[in-house]
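Q: pasting the structure only:
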């Protein structure tokens, strides 16, 4: 397996946790430390609302599940985000359209 010499975009640091089972990865960013898990479209069986754009994440849509990496984060703190919304969260504010 080759080395990845590219720098992370946005200056955030990423580490793989449980990479062998595809569990989650940690991300350190200006807004805190997060655990991030990718959800492929085939495993997306419920409807969620993205906190980044306030639009629905439809069934079958690939997305990410995110929760705080510190000891205060738990199952109730998990949020489902569109991947582009999660990646842009530090560049824009939350949108509420309801």
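A: Cool, got the structure. Computed from a predicted model, the values in this text were never measured in an experiment.
Q: Quick check: closest non-adjacent residue to residue 31.
A: Ranked by C-beta to C-beta, 6 or more residues apart in numbering and with sequence neighbours excluded, the top spatial neighbour of residue 31 is residue 90, at 5.9 Å. Backbone N, C-alpha and C define where each C-beta goes, glycine included.
Q: any idea which element that neighbour lies in?
A: Of the helices and strands defined by DSSP states H and E, none includes residue 90.
Q: phi, psi of it?
A: phi -80, psi -10 (degrees, to the nearest 10).
Q: Check what pLDDT it gets.
A: Note on residue 90: pLDDT of 88.
Q: And residue 53, by the same measure?
A: So residue 53 comes in at 94 (pLDDT).
Q: Not counting its neighbours along the chain, what's nearest it?
A: Nearest residue to residue 53 in three dimensions, chain neighbours excluded: residue 85, at 5.1 Å (C-beta to C-beta, 6+ apart).
Q: which helices and strands does whichever strand or helix holds the one you found pack with?
A: According to DSSP H and E, residue 85 maps onto helix 83-87. Helix 83-87 sits against strand 63-68, with contacts defined as 3 or more C-beta pairs under 8 Å, 6 or more residues apart in numbering; DSSP states H and E.
Q: List the buried residues in the strand it packs on.
A: 63-67 (16 or more other C-beta atoms under 10 Å).
Q: Ok, stretch 50-65 next?
A: Residues 50-53, 57, 61, 63-65 are the ones in stretch 50-65 that count as buried (16+ other C-beta under 10 Å).
Q: The residue nearest to residue 31: neighbour count?
A: Counted with other C-beta atoms under 10 Å, the neighbours of residue 90 add up to 12.
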